Structures are given as C-alpha cells and as structure tokens.
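> One predicted model, sequence on top.
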There are 2 protein chains.
Amino acid sequence: MESSKKPSENDSELLNLIKEMKKGNRRAVARLITKVENGGPEVSKQIIKEIYPETGKSYIIGITGSPGSGKSTLTNQIASEYLNKGLKVSIIAVDPTSPFSGGALLGDRIRMKSNFTNKNLFIRSMANRGKLGGLAMATKEAIHLLDAFGSNIIIVETVGVGQSEIDIFKSAHTTLVIMPPGMGDEIQAIKAGITEITDIFVVNKMDRDGADKRVNELETMLDIAENIMVDQNNQNIRIIKSKKWRPPVIKTNALTGENVPNLIGLIETHHKFSKTSGLKKQRLTYRYKHYVVDIIQYFQNKDIERLIFSNPKINEFIDQILSYKIGSDPYSISEIILELFSKRYFS
Amino acid sequence: MESSKKPSENDSELLNLIKEMKKGNRRAVARLITKVENGGPEVSKQIIKEIYPETGKSYIIGITGSPGSGKSTLTNQIASEYLNKGLKVSIIAVDPTSPFSGGALLGDRIRMKSNFTNKNLFIRSMANRGKLGGLAMATKEAIHLLDAFGSNIIIVETVGVGQSEIDIFKSAHTTLVIMPPGMGDEIQAIKAGITEITDIFVVNKMDRDGADKRVNELETMLDIAENIMVDQNNQNIRIIKSKKWRPPVIKTNALTGENVPNLIGLIETHHKFSKTSGLKKQRLTYRYKHYVVDIIQYFQNKDIERLIFSNPKINEFIDQILSYKIGSDPYSISEIILELFSKRYFS
C-alpha cells in the first residue's frame, strides 16, 4: 500500500468538496460519490480518511427482493414515512445487472416524481460494475459519504439476485426482503441463503390473491429453519445469526401505503433488539472486517499485478515456467516469486 | 502459501487418477477435471505440479461469438475436421451464464449425437461459477489436464459475453470470433474489445442474407482499427497486439461444413505466423503471467481472510475502527494491519 502523499491539487479539490458536503451541499456529495465510483480505492482512501470521524450515525436499511415485488415503490413509501418524521433520508439503488446505469436512472426518475422537491431526500443509483474495487466496495464508500453528509436513514436497495443480498446485509443494520404474493411454485425462488440474511420479511401487494398463502409459506419455512442446526463449519453465518430474533412476516401495499407505518415500527423493534442483544456490535464488527479484507486484498492484488506485469526480473521466472520441467509449474514458481517478494528481492 | 504436505490418502488417489489419465483413461481425466472444479487451487496445485512436464503440447483454439451465431455447430465441424486427420481433440464448453450446468450439458448431448462414439474426442462442459478460484482459473487447469491427457487440439468455446472472451484469449493460440450474418444494426454488438482479441473472424450461416454485408462491415472495421494508434497506456494490449497480423474474415456454413476446411487452413496459417513472428512466445508469456497472478492472488486473499476472520488479535483493530476517531478509519487501520502482518506480528 502506498504511503500518504503531500496534498496535491487534486487532494485540495477533494477537501473542498468534503467541506461543501459537510455544509449540506447535495451536489458536493453527488460529486464525491462519482469520484469514489470512478477513482477506485486510491481516491476513496483519501476521502474516507477525511470523513470517517463524522460517520457511524446513520441507520442503514437494506432492501432486497425479486423483480416485480414492488421493491422500489415500497422503498419510496418507507422514505416518505421517515421524511414525514422530519428525518434526512438517502437512497442508494444498486443494480449490478444493469450494464449501463440506464435502468437504475429510470428508477430514479420514477421515484423523483413524488419526492424530488424534498430537500431532505437524496437519491443515487449505482450500477457501475467495471470500476476499480468493484460495485460492492463503492457502495460501502457511498454509504459512508451519505453518513457523513448527515443522513439519519440510508436505504440501500438492490435487485434480489446473486451475491448482492449478502453484500447489503454486510452493510445494513436491518435488512428487509420483499416478496410478491405466492402464485404457483414461486416459493422455490426463496433461496436458503435468504433466510439467513433477512431481519423482516415483507409480503407486498397484500391486496392480491396469494398474499396470505405467501405469509404462511414463509412462516412454515421459518418454523423449519429454527429447527435446523447452524452449520458449525460456516463460521461467518454462525457469528451473525442471532437465534433470538425470528424474522417477522408483514404484509404491505406499497401503492396505497397500507401497513407501511407498522413496517417502520418493526424496523424500530429490530433496532432495539440489535442494541440490547449485542447483535448491533456483532454486525458492525462483521461489516468492518469485510471492509478491511476488501481494502487489503485490493491493494495486495494490485501490487502483485504490478510486480508480474511490470517488473523485468519476473521474465526469468516465466521462462522457467515455459521450460515445462519438473518443479517449473506455475504453482511452484508462484511460491518462489511470493517468497522472494516478501524478502523484497524485486524492489 | 502452504508448504507441501506428505502424501495423504487423498494425494494417492490423485496420483492414481493421474497415472490412469496418462494411459488415456477418459474417466480418469473427467474425474480430475471435477476435482479441479470442486477442490479449488489447493487441489489443482497438487495436480498441476504432477502433470506440468507433460503439458505444452496441445494447440489451443478459442472460439467465442454471440448466441445464435452457430458457434457450437461450428465447433463440432472444426473438431470433426481434426478428428478426420487422425488427431485427438478435446472440447471445453464454458458457459458462465448458466446457473447450473444444465444448459451446457444439453449442449453436450446435442454434440454427442454425431461424435460420441469417437474415442479421440473428449467433451466437457464447465459452468460452475461458485467454485474456489473461479471459473476462469478452473478452465486454465482443465486445459492443462487435457494437454497432459495427450490432446492434439483443445477447443475452448464460450458464450460471447462479459469478461469471458478475454479469458479465452489468454489461454488460446488462435482465437476465432463467430458472427451471424448482418441484419439491421447488429454491428453495434461488435464491441471494441473484440477486435483486439480476434485472430480470425468467421461469418457463419453464409447461405443467409446479410453474410456479405457482415463481411464488409468487419473489413471496414479492420481498416479503421489499423489506423488507430494503440493506447500507449494500455500495456497489456500493447504487448499482445501484433501489428503484422490482420485478422482474416471468412464465411462458413456450419450445418453443411462448407468452407470449414479453409477455416482450418487459416488457423494453420495463423499458427505459422505466431511461431515466426514471436507472437507465440509473447502469448505464452502473457498467459503464464496471468496464471501466476491468479495463483498468488488466490492464496494471498485466502491468507488475509483467514487472518481477519480467525485471528483473535484482529479484534482490537476492529474496535479501533468502531471508535470512529481520526486515524481509525478502515484504510488507516488496514495499512497498520498489513504492515504488522508482513512483520509476522499475527503469527
């Protein structure tokens, strides 16, 4: 990892944006998130070091769910509830499936129709898969920026596919999983992993057929899950999964707002439980362990790439590999390179 | 990285499978590929160290292209041509978009209808995204296994999306990009990166309208590309891109086999060019540099994960982060951890 440099012109631009952001300048926080997205961890490092003492104050709500569950509309309603309480709310819409940011931006526009005049609301889409350090890392850093910006509530919304649920979970205080009413055999879509990351299940579109069926399915699934021993080898899950909290299942109608105040109540209940049970500290520990792993791996991986592709001393080792002799296989040579690297042979 | 252990029961099973594979036992090579897929680099390391001196003999052909280009049928025809010459051919069908191996296996069955009785043909699908080290690394290791197995030709076929074209390119001697005839504005699908990785463009379904149009589009694109200065900052591309080879564009009909012998001729021409121009050595160097980077990063990343999640000394550093003080941000603490790690503080 590089040691810190003297402030350059670029650094003073960052410092100025950070100053503006702390004053509540929305354009400044938007530009800082863009810098985090495009500049990668090298730029984030400068920003996070500067803003970190101002963070740790926001309540982070993760929202995920299958397409068609009404997730975005519900996010809107939840934001409105908190805005009505006079709180400052930020929404990060993460869409890793969007090759460009088009889809996510469209989502923004729909949301902004009802809320865009509200000065206490900040909305940001993140869909940039190609950036240095990856989308999950950029999202973590955007959360810290919006925390330092003074958001009381940060809602991180993602599409319910792949690794993204897990990534939300790592950064959220409370995670909601949104389900549409049960129709046919859609219950198969509820993957085993979902149960582990969910704090509250929301069956949205409660006015439709199948809402009660879906609630019953979820309750049955939770009954079964409570009786399954947690895998002792899967340490990560063991740390986080508190046996004392059974995720409640609540029905909502995101279009009308029906039951959304009760959902807010459940989030508050989960918040209190987290504090008294020690879950909050466990999650924070888990979150920052992951963040540290991300940071160290990023800089180490970059160092290795630079070594292998830019250091001329490497060529003799590659020539050894290309001799196809015993002991010259890529694994053996990698071991030798790594050993010499740790002894500063290449510097 | 772990030092080599004494042979265990598991190791002797591996050694036995390797012995069987070298005798030409197809079930043995299939089981070894499964071990590479499921066991990750820890298992691959043992296998590759053992077989590496027997590798470096196969000619590796990468085939990629958009869905609907007739890529699989063409792969079949190319394999048949080589089989007719008395050569031993292996096909690896990589499909990272398949969540399970279902789709790829279906592809196998279709192929096997015409070729499954041939003892000189080995076909394998790889679609396992979740494995340790990732699909690209497992594919590299399967290539080495099929090389040691005695394959004269290894065809690696992937769907033409995302990073997979680049990954094929890193392991192939000659890369074919298959295009369907041009209809409408499909030319937009030819991403800029494709030009860089292609050795031969194939316009398949030559009997259809638009085949000549597509050939003309490709030739025009190549005319333009030749006049674009290679980005001096993009070192990786600069190393590989030989300015002396202009990818030829050939029309084929994979269903009837028309022009496939001429395509085989072009592959042979490219092979000769690679040897005389130094391109072959450049590509091998590039391939093994990437392999070494993959290996070192895998083991380093694992070591860091083990450190952060298993070493009790880490907790005091996480507590520092959770104090939200100046200098206790995740980047600063990561720097401290990495420095102490390199000084063996945690061991």
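Received, thanks.
> Flag the shaky bits of the stretch 151-300 of chain A, pLDDT-wise.
A:160-165, A:167-168, A:183-193, A:226-243 (pLDDT under 70).
> Thought residue A:155 was touching residue A:143, still the case?
No - using Cβ atoms under 8 Å, residue A:143 is not in contact with residue A:155; the gap is 10.4 Å. C-beta here means a position set from N, CA and C on the backbone, and glycine is covered the same way.
> Now do the shared contacts for the two.
A:60, A:92 (Cβ atoms under 8 Å, 6 or more residues apart in numbering or on different chains).
> Now do the contacts for whichever residue of the stretch 151-300 of chain A sits closest to chain B.
Nearest residue of the stretch 151-300 of chain A to chain B (Cβ to the nearest Cβ) works out as residue A:295 at 4.2 Å. Listed by Cβ under 8 Å, 6+ apart, the contact set of residue A:295 reads A:41, A:45, B:330-331, B:334.
> Out of these, which end up buried?
Neighbour counting by 16 or more other Cβ atoms under 10 Å in any protein chain shown classes A:41, A:45, B:330-331, B:334 among those as buried.
> Just send those back as JSON lines, with secondary structure and distance to residue B:135 too.
Listed next are the buried ones among the contacts of residue A:295 as JSON lines, based on DSSP: H, G, I helix; E, B strand; the rest coil; distance: Cβ to Cβ, whole Å:
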{"residue": "A:41", "secondary structure": "helix", "distance to residue B:135": "25"}
{"residue": "A:45", "secondary structure": "helix", "distance to residue B:135": "31"}
{"residue": "B:330", "secondary structure": "helix", "distance to residue B:135": "30"}
{"residue": "B:331", "secondary structure": "helix", "distance to residue B:135": "31"}
{"residue": "B:334", "secondary structure": "helix", "distance to residue B:135": "29"}
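> and of those, the nearest to residue A:194?
Using Cβ to Cβ, residue B:330 comes nearest to residue A:194 of the buried ones among the contacts of residue A:295, at 27.7 Å.
> how close does that closest one get to chain A?
With the distance defined as Cβ to the nearest Cβ, to the nearest Å, residue B:330 ends up 5 Å from chain A.
> Could you check stretch A:266-275 and say which residues are buried?
Quick answer for stretch A:266-275 (16+ other Cβ under 10 Å): A:266-267, A:270-271, A:273-274.
> picking up where we left off before, now, which of the contacts of residue A:295 sits nearest residue B:139?
Proximity of those to residue B:139 (Cβ to Cβ) peaks at residue A:41, which lies at 28.2 Å.
> Look up how far residue A:299 lies from that closest one.
Residue A:41 is 7 Å from residue A:299, where distance means Cβ to Cβ, to the nearest Å.
> Next, see if stretch A:307-315 gets close to chain B.
Yes - Stretch A:307-315 comes into contact with chain B (Cβ under 8 Å from any Cβ of the partner chain), by way of A:308-310, A:314-315.
> wait, stretch A:323-338
Yes - remark: stretch A:323-338 sits within contact range of chain B at A:324-335, A:337-338, by Cβ under 8 Å from any Cβ.
> And the strands in chain A, which stretches?
With DSSP state E applied, chain A shows strands at A:59-65, A:89-94, A:121-126, A:153-158, A:174-179, A:200-203, A:249-251, listed in chain order.
> Look up phi and psi at residue A:248.
phi -70, psi 150 (degrees, to the nearest 10).
> contacting residues for it?
Contacts of residue A:248 (Cβ under 8 Å, 6+ apart): A:200-201, A:266.
> do that again at 6 Å, thanks
A:200, A:266 (Cβ atoms under 6 Å, 6 or more residues apart in numbering or on different chains).
> For the stretch 51-200 of chain A, what lies in contact range of chain B?
Neighbours of chain B within the stretch 51-200 of chain A, by Cβ under 6 Å from any Cβ of the partner chain: A:52-53, A:56.
> ok, of the residues you listed, which come out buried?
For these, buried by 16+ other Cβ under 10 Å: residue A:52.
> residues contacting residue A:143?
Residues in contact with residue A:143 (Cβ under 6 Å, 6+ apart) are A:154, A:171.
> and if we set it to 7 Å?
A:60, A:92, A:154, A:156, A:171 (Cβ atoms under 7 Å, 6 or more residues apart in numbering or on different chains).
> ok, now how distant is it from residue B:153?
Counting by Cβ to Cβ - residue A:143 and residue B:153 are separated by 51 Å.
> again with residue A:285
Taking Cβ to Cβ, one finds residue A:285 at 53 Å from residue B:153.
> As a markdown table, the residues of stretch A:323-338 next to chain B with pLDDT would be great.
As requested, the residues of stretch A:323-338 next to chain B are exported to a markdown table (pLDDT from 0 to 100):
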| residue | pLDDT |
| --- | --- |
| A:324 | 96 |
| A:325 | 95 |
| A:326 | 93 |
| A:327 | 95 |
| A:328 | 97 |
| A:329 | 98 |
| A:330 | 98 |
| A:331 | 98 |
| A:332 | 98 |
| A:333 | 98 |
| A:334 | 98 |
| A:335 | 97 |
| A:337 | 97 |
| A:338 | 94 |
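> ok now the lengthiest helix in chain A, how far from the chain's centre?
Assignment by DSSP state H gives helix A:279-310 as the longest helix of chain A. Relative to the mean C-alpha coordinate of its chain, helix A:279-310 is positioned 15 Å out (Cα atoms, centre = their mean, to the nearest Å).
> Just the angle for it relative to helix B:279-310, thanks.
Angle, helix A:279-310 to helix B:279-310, by axes from the mean of the first three to the mean of the last three Cα atoms, to 10 degrees: 160 degrees.
> Pull out the buried positions in helix A:279-310.
Buried residues in helix A:279-310, counted by 16+ other Cβ under 10 Å: A:279, A:283-305, A:307-308.
> what sits against residue A:292?
Each residue near residue A:292 by Cβ under 7 Å, 6+ apart is listed here: B:308, B:330, B:333-334, B:337.
> Can you add distance to residue A:87 and give the residues you listed back as CSV?
Below are the contacts of residue A:292 laid out as CSV (distance: Cβ to Cβ, whole Å):
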residue, distance to residue A:87
B:308, 34
B:330, 26
B:333, 30
B:334, 32
B:337, 35
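> nearest to residue A:205, of those residues?
residue B:330 (39.3 Å).
> nearest residue to the closest one other than its sequence neighbours?
residue A:291 (4.7 Å; Cβ to Cβ, 6 or more residues apart in numbering or on different chains).
> That neighbour is in contact with residue B:329, isn't it?
No - using Cβ atoms under 7 Å, residue A:291 is not in contact with residue B:329; the gap is 9.8 Å.
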